[in-house]
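Just the structure for this:
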Amino acid sequence: MAESNPAETFSGAVSAEEWRGIARGLHSHLTRTGRKQKDLAAAAGLAVSNLSAYLNLHRAPNRQTISRILTAALQTQGVTRAMIEHWMRQMDGQELKLQERIAELIESGVELSATERDRLLSAVAGDRTLAGTFLRLANEIRALRTRSAQLAMAHTDAARESLVQVAVEAFQVDPKMRHFMREIEKDVRRTQAEERRAHSSTLEMLETILDREGIKTERAEPDSPRSGRGRWEGLRWLLSLKDAKRARITTGIHPAQYPFELGRVVGHLRMMHLFGSSGQDEIGRFASEWVAANFPQAVANPADRSQLEQDIIWLIFRSLSGRWATGLFTLPSERFVRLAESYQYDIDRLAAALNVSWETIVNRISQLDSGLPVHFIKMDWRGVVLKRSSYSGLQFAPLYMRVCGRWASARSLITLPGSVLRQYSVFPDLAGQTFFCVGRSVRAPTLRYLAAPLVYSLTLGVQARDAKRLIYAHNFSSEPVECGVTCRLCTVLNCENRVCPSADLPGMGKFDFNVIWSGKTIHERIPTDQ
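Residues are numbered from 1 along each chain as shown. This next block holds a predicted model:
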């Protein structure tokens, strides 16, 4: 390598990042050429210990010291200006990762000045062990931020779903909307008399109706491994069924569940025939008025309001079509109530007599407020309520809040599938009202070996005064289990089943619709007023 001009000097600004590249390059050059740091230190007028600290990035030199070191290197160590410029542009791969992680920390709210950032980079860049530790810590912080964002998004989506569910519940109990349920029951009775008798099975009858309407049923692969498990599965084709003349049903549905999904398709067709455009407009007006009255935050944004109203209309039609299908697979309301009363609401006996599932019978009982006033809860293994209705007077938690872990719905999840759990529950939050509940854990059928099992609970409840009408309450007595509506609203503060703090505790704040719509976690802590 040709020696540099001894008279050549270095002048110019060098940033902290550029110095780290130069220091690594100069240190490597001295090692490769067999030169000694003590010679460079003597030429630069520095102590060897100081030069070693600078080249090994244990300390950062000032601008004048950098100029002295590089001038001495140009004059005595065979370094050229081109080499220095190359080193200035040469970034270490690990340092690039460090810079990225530090930038992410700053974006996430960690306050670092430019000087602090440079000193942090200098410290970790000169110590490989420290750099590795810092990278692991930064990666953990990034992973936690990602999981927190995913959790906030999941809470927001679930809250929106629950908001839509609350609107559907309001629709079902609205006196002005009751005529929809009456028309459905009339149509079920008419179909039972005219169609079912002419066919050997319900499935054959449904397929005949679809053929007559010119509807082609398609089986398609599920979009995701969980397709077919959510309440939103199948809604898309319900909305386009009239125009496209096609019904898309996922192949992720077990054959035992297929007839009921086909019943939903026929049920939606019947809804369109029964109510027409005027009925759909009436449901649209209900959704618009409900959003305006209960969720004014969405009114300010036309796009958000339109989406929310469409979701409500969506689920109302799905609920109505499911009600029609449930009635068709069992009996019209009057006959079903008489049979249920004669069997004392023995669900297993009713399921055997009508050749349907336990869940279908419980759904049918929960739909008929003219019979036994009941509440119904379908809950998945996470404690999330998938479906609910209440004619018994039980008040559910507002929006996306999990029910109390002492409820029969939650306790039945830990029993063996098929086992029936009976329980009296008293609610201090609801003026000490007592309810009798029957819960059962159910395992949905799977399509293949080693498929993740879907376990959920089905619970039917009545007020304690009506318990004698249920066969399950006969010869059963126990002390009522003290329950709350949900942990966030429960007044029993010393409960061993509590999973989150009560909103009544200082500093916990109140439930806020804005938190849902903004995408933040629902249990966001709000400081108390001073």
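
gap between the closest residue to Leu354 other than its chain neighbours and Ser321?
Counting by Cβ to Cβ, 6 or more residues apart in numbering, Thr330 is the residue found nearest to Leu354 once chain neighbours are left out, at 5.2 Å. Every residue, glycine included, has its C-beta placed from N, CA and C. Separation of Thr330 from Ser321 (Cβ to Cβ, to the nearest Å): 15 Å.

Next one: Thr330 from Ala43, what distance?
According to Cβ to Cβ, Thr330 and Ala43 sit 98 Å apart.

out of the two, which sits in the busier spot?
Legend: neighbour count by other Cβ atoms under 10 Å for Thr330 and Ala43, higher for Thr330 (26 against 17).

Hmm, Thr360 and the more buried one touching each other?
Yes. Contact criterion Cβ atoms under 8 Å: Thr330 and Thr360 qualify, at 6.5 Å.

shared neighbours, the two?
Common neighbours of Thr330 and Thr360, using Cβ atoms under 8 Å, 6 or more residues apart in numbering, are Leu354.

Could you verify that Leu421 is part of a strand?
Yes. Assigned with DSSP: H, G, I helix; E, B strand; the rest coil, Leu421 falls within a strand.

What's the local residue count around it?
Per other Cβ under 10 Å, the neighbour tally for Leu421 reads 19.

Same check on Lys216?
Residue neighbour count, defined by other Cβ under 10 Å, stands at 11 for Lys216.

SS state for the residue nearest to Ile313 when sequence neighbours are not counted?
Excluding the flanking residues, the one nearest Ile313 by Cβ to Cβ, 6+ apart is Ala287, at 5.3 Å. Under three-state DSSP, the three-state class of Ala287 is helix.

next one: Ala60
Ala60 ends up coil, using three-state DSSP.

Correct me if wrong: it contacts Ile66.
No. Look at Ala60 against Ile66 with Cβ under 8 Å: they stay out of range, at 9.2 Å.

mind pulling up the phi and psi values for Thr459?
Backbone torsions of Thr459, given as degrees, to the nearest 10, read phi -130, psi 130.

Who are the contact partners of it?
Each residue near Thr459 by Cβ under 8 Å, 6+ apart is listed here: Phe376, Ile377, Lys378, Met379, Trp407, Ala408, Ser409, Ser412, Cys437, Val438, Gly439, Arg440.

what's the pLDDT at it?
On pLDDT, Thr459 comes in at 94.

now do the one 5 residues further on
Here, the pLDDT recorded for Ala464 equals 94.

How about it, nearest residue that isn't a chain neighbour?
Ala464 sits nearest to Thr434 (Cβ to Cβ, 6+ apart), 4.1 Å away.

Is the one you found located within a strand, as I assumed?
Yes. Secondary structure of Thr434 (three-state DSSP): part of a strand.

Contacts for the helix or strand where Phe376 lies, please.
Assigning secondary structure by DSSP states H and E places Phe376 in strand 375-380. Identification of contacts with strand 375-380 by Cβ under 8 Å, 6+ apart yields 359, 362-363, 365-366, 385-394, 403, 407, 409-410, 413, 435, 454-462.

rerun at 6 Å
The contact list for strand 375-380, computed with Cβ atoms under 6 Å, 6 or more residues apart in numbering, reads 366, 385-390, 392, 394, 409, 456-461.

Return the set of buried residues in stretch 44-56.
Using 16 or more other Cβ atoms under 10 Å as the test for burial, stretch 44-56 gives Ala44, Leu46, Asn50, Leu51, Ser52, Ala53, Tyr54, Leu55.

That should have said stretch 345-365, apologies.
345-347, 349-351, 354, 356-365.

Likewise for stretch 430-445?
Neighbour counts over stretch 430-445 (16+ other Cβ under 10 Å) mark Gln433, Thr434, Phe435, Phe436, Cys437, Val438, Gly439, Arg440, Ser441, Val442, Ala444 as buried.

Distance from the chain centre to that stretch, please.
Stretch 430-445 has its C-alpha centroid displaced from the chain centroid by 24 Å (Cα atoms, centre = their mean, to the nearest Å).

go on, stretch 352-363?
Put simply, stretch 352-363 sits 30 Å off its chain's centre (Cα atoms, centre = their mean).

Next, the distance between the ends of that stretch.
15 Å (Cα to Cα, to the nearest Å).

Give me the contacts around it.
With contact meaning Cβ under 6 Å, 6+ apart, stretch 352-363 is reached by Thr326, Phe329, Thr330, Ile347, Leu350, Ala351, Leu458, Leu460.

okay, those residues in TSV with distance to Leu493 and secondary structure next?
Below are those laid out as TSV (distance: Cβ to Cβ, whole Å; DSSP: H, G, I helix; E, B strand; the rest coil):
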residue	distance to Leu493	secondary structure
Thr326	41	helix
Phe329	45	helix
Thr330	44	coil
Ile347	36	helix
Leu350	41	helix
Ala351	41	helix
Leu458	31	strand
Leu460	30	strand
